[in-house]
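In: sequence and computational prediction follow.
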Amino acid sequence: MDAAQREYSIQHNIYVLNKNTGEVDTSFNAAIKQAVFDTLISEGVDIICVVNVLITDDIGIWEYNRDYRSIDKVTDVLSFPMQTFTKAGWGGCFDLEYDEDTGELPLGDIVISMERVEKQAVEYGNKVEYETAYLLIHSTLHLLGYDHDDEVNEKVMHRKIKNIINSMSFQV
């Protein structure tokens, strides 16, 4: 995706909150928003969407995983879609549930453990920025109905993630 494609007429609302401090470093906040935004652009999302990103640590994400998915373990990222998809991708979204007050489409929430991100970056030999972008793109694709429940779907998601990362406007 080149610079012209980034000049997208839809201005999605992507909110980022650090659970521990209540704020996020401004430059890192911009990189987080860009990863989500670029994913929405790559999927052709043409309606103003709202995505909330919560930055937490291993204990925080463990609590979300336990409380909302009944899985008693730490993970790197969680997705909580708010729309229904008949098939993966923007074209598979139906029966949209808009926010009555704003007219925007709440797409869903993402919870990411920066503690886990930092560990995985070291483990995989990646920059923290790359690992963060990878997981945010992965999670945003989940919000859009993608899953990695079998080998074929896993390959589709992985290819999409790589293509989006390679097209991103900031260095990962």
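Out: Sure thing, it's come through. Numbers count the residues shown, from 1 in each chain.
In: which residues in this structure form helices?
Out: 3-6, 26-42, 58-69, 114-124, 128-143, 151-167 (DSSP state H).
In: worst average pLDDT in those?
Out: The stretch with the lowest mean pLDDT among those is helix 3-6, at a mean of 41.
In: is it true that residue 42 touches residue 160?
Out: Yes: between residue 42 and residue 160 a contact is recorded at 7.2 Å, counting by CB atoms under 8 Å. All C-beta atoms are positioned from the backbone trio N, CA, C, and that covers glycine.
In: before we move on, back to that, format the helices of the chain as JSON lines; extra columns: mean neighbour count and distance to residue 79.
Out: What follows is these, written out as JSON lines (neighbours: other CB atoms under 10 Å; distance: least, CB to CB, whole Å):
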{"stretch": "helix 3-6", "mean neighbour count": "10", "distance to residue 79": "24"}
{"stretch": "helix 26-42", "mean neighbour count": "19", "distance to residue 79": "11"}
{"stretch": "helix 58-69", "mean neighbour count": "16", "distance to residue 79": "10"}
{"stretch": "helix 114-124", "mean neighbour count": "16", "distance to residue 79": "15"}
{"stretch": "helix 128-143", "mean neighbour count": "23", "distance to residue 79": "4"}
{"stretch": "helix 151-167", "mean neighbour count": "14", "distance to residue 79": "12"}
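In: kindly reformat those as a markdown table containing distance to residue 48.
Out: Below are those laid out as a markdown table (distance: least, CB to CB, whole Å):
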| stretch | distance to residue 48 |
| --- | --- |
| helix 3-6 | 17 |
| helix 26-42 | 10 |
| helix 58-69 | 26 |
| helix 114-124 | 28 |
| helix 128-143 | 15 |
| helix 151-167 | 20 |
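In: residue 99: which of these is closest?
Out: Judged by CB to CB, the one of these that comes nearest to residue 99 is helix 128-143, at 15.5 Å.
In: centre of the chain to that closest one, how far?
Out: Computed by CA atoms, centre = their mean, to the nearest Å, the chain-centroid distance of helix 128-143 equals 5 Å.
In: equivalent analysis for stretch 126-146, please.
Out: 5 Å.
In: pull up the overlap in contacts between residue 42 and residue 160.
Out: Taking CB atoms under 8 Å, 6 or more residues apart in numbering as the contact rule, residue 42 and residue 160 touch no residue in common.
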